[in-house]
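**Q** Turn this into a model:
(chains A and B, ligands or ions: 3)
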Amino acid sequence: MYDKEQPILTIKNLRKQFGKGCTICRDLDDKNIQKNFCPVCQTVYACRDVSFELYPAEILGVVGESGSGKSTLMKCLYFDQDVTSGEAYIQGYKNGNANIFAETSQQKKYIRNHLFGMVYQNPYLGLRMNFSSVGNIAEKLIGAGSRNVGFMTGRAQELLGNVNIPIYRMKEAPKNFSGGMQQRVQIAKALSNNPPILLLDEVTTGLDLSVQANVLDLIKKIQRDLKISMLVVSHDLSVIRMLADRTIVMLNGKIIEQGLTDQILEDPQHPYTQQLVHSLL
Amino acid sequence: MKSYNFAFFDEGSKREIRRATLKAIALPGYQVPFASREMPIARGWGTGGLQLTLSLVGKDDKIKVIDQGADESVNAVNIKKLIKNTTDVEETEFTEEATLIQSRHRIPEIELREDQILVLQVPIPEPLREIEPSEYITKRLHADKEYSGIWLMLFERIMKHGSMATGADHPVLVNNRYVMAPSPIPRFDNHKLNNSKALILLGAGREKKIYAVPPYTEVQSLAFEDYPFEVENMDDKVCRLCGARGVFMDELIDEETKEKYYQCNDVSYCLQRLNNEIAN
Ligand SMILES: Nc1ncnc2c1ncn2[C@@H]1O[C@H](COP(=O)(O)OP(=O)(O)O)[C@@H](O)[C@H]1O
Ligand SMILES: [Mg+2]
Ligand SMILES: [Zn+2]
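**A** Numbering: from 1, shown residues only, chains lettered A, B, ... in the order given. Ligands and ions are numbered 1, 2, ... in the order given. The predicted structure follows:
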């Protein structure tokens, strides 16, 4: 269905800043910025000219320390935040010729519901904690236009079953669930409309090690079964090592290195990446 | 008493309310903000509806005020008194005679005409409030026609209760554009909003909103394909006083026999039937 030789998602010069900027940081850009912000006007340059490609059925890892701009990148892609500038194209969406950031809010709603699934680091952002788990899945199906209760409950049970939520707990609210279960409900919800692209932001951060392994196995299984493309964000290189075919390294809002995950682990080029790899050993 | 302006407000205030009303008529189902005024009646007691009524009432109008179907409830009487004292217009209990009807929680049983206006009192005008507390966000959701949340709310009710179980205020889609809270009228009255010959105005004083269903506007009650919209079943209920069927009934308990019985909720309708003023 998708051309494997062509990227499914192409991102060009994505920028996101918090604040207006001033003459110092706007004109001279990089040189006068400390880490990712301007010391004069305090504007944060969270993502700076981020460009990369995601290929069909690939898991692309994004690694970097806290504050490097990973979550901002994800939120921009999922339209939770507006980009400052930049472009993104999706294979199969308007022949790959439409910059999705420039689409109408109606079209963005369509893209969000049909082309992306999102799993947030904080399950409170991705789930309605007081609604039933089935209802949480139904929300995505409703967003995609379903008005059939029987269809939606059936589909929700199937999806929740696939992430190992026991059937007798499916009508329970996620607020009663453990952290690992909440992430699994988020994953089920993200997959509900069979999107070609899944965005995962620190899915395992904060979970117990054994629970982490369990969720990582689930993600691998989903990728194998569904051949879905994934963008996996983590500050933890061991998570990236386990999941990602290729990896992007971010620092202060910029991509400083990218390549095959094995290559980056064996022969890191940038001093920051070297430091990151060494700490893993 | 003579120190009041006609209809309590100065002309400028009335004009401002009418301007908001015109905008509401131009955008069926859309909630138009207005500068809700202080009234000699506590907010929450129909000040939104009353402000609409006072901005519209003219010397030749005949007004009717009802509260849950009754013309004689304290709330209705207080509102009537204020209108009467500041306008001296005629009052009536007969739905057909009234040109301007203010109501809480009901639409009269007798079909309204093109030359009548119905004003409904609204406590919570925002149908999305239960799922989204922020006014800024609900405004954006309406602008985007993004109503997944309200459907989800109905879906959750089905999960919990096996039916949409909305009681009163079942959300409607107006003119295929805006989802609207029909004020807490029973589901039984929802179909009277659809293609109504009379202009229907809704006013929320505390929340400072006016909205409208103009004459001959399509109004659909939200429902799923496999869970259709259902009204309260009145088929097997007969009014003990007038013998009416198929209208909205109050359920009462006989003090002596402790038996359930039914009575028309629309009191003037019931009286007119008793007096043989409408066909039995
Ligand atoms: N809403 C916001 N307003 C201002 N600054 C923000 C906002 N969100 C994130 N930032 C800043 O942007 C930078 C990147 O944050 P984030 O994308 O969350 O990083 P990461 O996910 O890699 O830890 C940080 O410096 C953070 O403080
Ligand atoms: Mg983050
Ligand atoms: Zn600056």
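
**Q** Would you mind writing the CA trace of the lowest-mean-pLDDT helix or strand in chain A as CSV?
**A** The helix or strand of chain A with the poorest confidence is helix A:23-28; it has a mean of 77 (mean pLDDT, DSSP states H and E). Coordinates of each C-alpha in helix A:23-28 appear next as CSV, following Å, rounded to 0.1, in the frame of the first residue of the first chain:
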residue,chain,number,x,y,z
THR,A,23,17.2,41.5,17.6
ILE,A,24,20.1,39.7,19.3
CYS,A,25,18.8,36.1,18.9
ARG,A,26,16.8,36.7,15.7
ASP,A,27,19.6,38.2,13.6
LEU,A,28,22.6,36.3,14.8
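
**Q** hmm, it in reach of ligand 3?
**A** Yes: judged by Cβ under 5 Å from the ion, helix A:23-28 comes into contact with ligand 3 through A:Ile24, A:Cys25. Backbone N, C-alpha and C define where each C-beta goes, glycine included.

**Q** got a list of contacts for that helix?
**A** By Cβ atoms under 8 Å, 6 or more residues apart in numbering or on different chains, the residues outside helix A:23-28 that reach it are A:Asn32, A:Ile33, A:Cys38, A:Val40, A:Cys41, A:Thr43, A:Tyr45.

**Q** One more: stretch B:133-145?
**A** Against stretch B:133-145 from outside (Cβ under 8 Å, 6+ apart): A:105-106, A:109, B:30-31, B:126, B:128-129, B:132, B:146-147, B:149, B:177-179.

**Q** Which residue lies nearest to A:Asn130 in three dimensions, sequence-adjacent residues excluded?
**A** Among residues not flanking A:Asn130 along the chain, A:Ala173 sits closest, at 5.3 Å (Cβ to Cβ, 6 or more residues apart in numbering or on different chains).

**Q** same question, A:Leu260
**A** Closest residue in space to A:Leu260, ignoring its immediate chain neighbours: A:Arg246 at 5.6 Å, by Cβ to Cβ, 6+ apart.

**Q** Mind listing residues that contact the helix or strand encompassing B:Gln220?
**A** In this assignment (DSSP states H and E), B:Gln220 forms part of strand B:219-221. Strand B:219-221 is contacted by residues B:170-176, B:180, B:182, B:187, B:190-191, B:193-196, B:213, B:229 when judged by Cβ under 8 Å, 6+ apart.

**Q** What residues does the stretch 1-150 of chain B have near chain A?
**A** Taking Cβ under 8 Å from any Cβ of the partner chain as the criterion, the neighbours of chain A within the stretch 1-150 of chain B are B:Asp144, B:Lys145, B:Glu146, B:Ser148, B:Gly149.

**Q** Restricted to helices, list the residues you listed.
**A** Using DSSP state H, the members of those that fall in helices are B:Ser148, B:Gly149.

**Q** In TSV: the residues of the stretch 1-150 of chain B next to chain A, plus distance to B:Glu251 and pLDDT.
**A** Shown next, in TSV, are the residues of the stretch 1-150 of chain B next to chain A (distance: Cβ to Cβ, whole Å; pLDDT from 0 to 100):
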residue	distance to B:Glu251	pLDDT
B:Asp144	42	89
B:Lys145	38	92
B:Glu146	39	92
B:Ser148	36	93
B:Gly149	33	94
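
**Q** circling back to that earlier point, in the least confident helix or strand of chain A, which residues are buried?
**A** Across helix A:23-28, burial judged by 16 or more other Cβ atoms under 10 Å in any protein chain shown covers A:Ile24, A:Cys25.

**Q** can you check stretch A:215-231 too?
**A** A:Val215, A:Leu216, A:Leu218, A:Ile219, A:Ile222, A:Gln223, A:Leu226, A:Ile228, A:Ser229, A:Met230, A:Leu231.

**Q** Validate this expectation: A:Lys109 resides in a helix.
**A** Yes: under DSSP: H, G, I helix; E, B strand; the rest coil, A:Lys109 falls within a helix.

**Q** just to revisit the earlier point, wait, which of the buried residues of stretch A:215-231 is closest to ligand 3?
**A** Comparing the buried residues of stretch A:215-231 against ligand 3 with Cβ to the ion places A:Leu231 closest, at 30.1 Å.

**Q** Let me know the pLDDT of residue 108.
**A** Picked chain A for this. You'll see A:Lys108 listed with a pLDDT of 95.

**Q** wrong one, I was asking about chain B
**A** Reported pLDDT for B:Pro108: 97.

**Q** Give the burial count for the nearest residue to it once chain neighbours are set aside, as a bare number.
**A** Sequence neighbours aside, B:Thr95 is the residue nearest to B:Pro108 in space, at 4.4 Å (criterion: Cβ to Cβ, 6+ apart). Applying other Cβ atoms under 10 Å in any protein chain shown, we find 24 other residues in the vicinity of B:Thr95.

**Q** do you know how far A:Gln17 is from B:Leu22?
**A** In this view, A:Gln17 and B:Leu22 are 43 Å apart by Cβ to Cβ, to the nearest Å.

**Q** quick one: low-confidence parts of the stretch 101-250 of chain B?
**A** The stretch 101-250 of chain B contains no residues with pLDDT under 70.

**Q** Mind listing residues that contact stretch B:66-79?
**A** Contacts to stretch B:66-79, defined as Cβ under 8 Å, 6+ apart, come from residues B:41, B:45-46, B:49-50, B:53, B:64-65, B:93, B:101-106, B:108, B:248, B:250, B:264-268.

**Q** Export only the CA atoms of it, formatted as PDB.
**A** Extracted C-alpha coordinates of stretch B:66-79, given in PDB (Å, rounded to 0.1, in the frame of the first residue of the first chain):
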ATOM      1  CA  ILE B  66     -45.100  29.100  32.600                       C
ATOM      2  CA  ASP B  67     -42.800  27.200  34.800                       C
ATOM      3  CA  GLN B  68     -42.600  23.400  34.200                       C
ATOM      4  CA  GLY B  69     -46.000  23.600  32.500                       C
ATOM      5  CA  ALA B  70     -47.700  25.700  35.200                       C
ATOM      6  CA  ASP B  71     -48.800  29.300  34.900                       C
ATOM      7  CA  GLU B  72     -49.400  29.700  38.600                       C
ATOM      8  CA  SER B  73     -46.000  28.600  40.100                       C
ATOM      9  CA  VAL B  74     -44.300  31.200  42.300                       C
ATOM     10  CA  ASN B  75     -41.500  31.700  39.800                       C
ATOM     11  CA  ALA B  76     -43.900  32.300  36.900                       C
ATOM     12  CA  VAL B  77     -46.100  34.600  38.900                       C
ATOM     13  CA  ASN B  78     -43.100  36.700  40.000                       C
ATOM     14  CA  ILE B  79     -41.900  37.100  36.400                       C
END
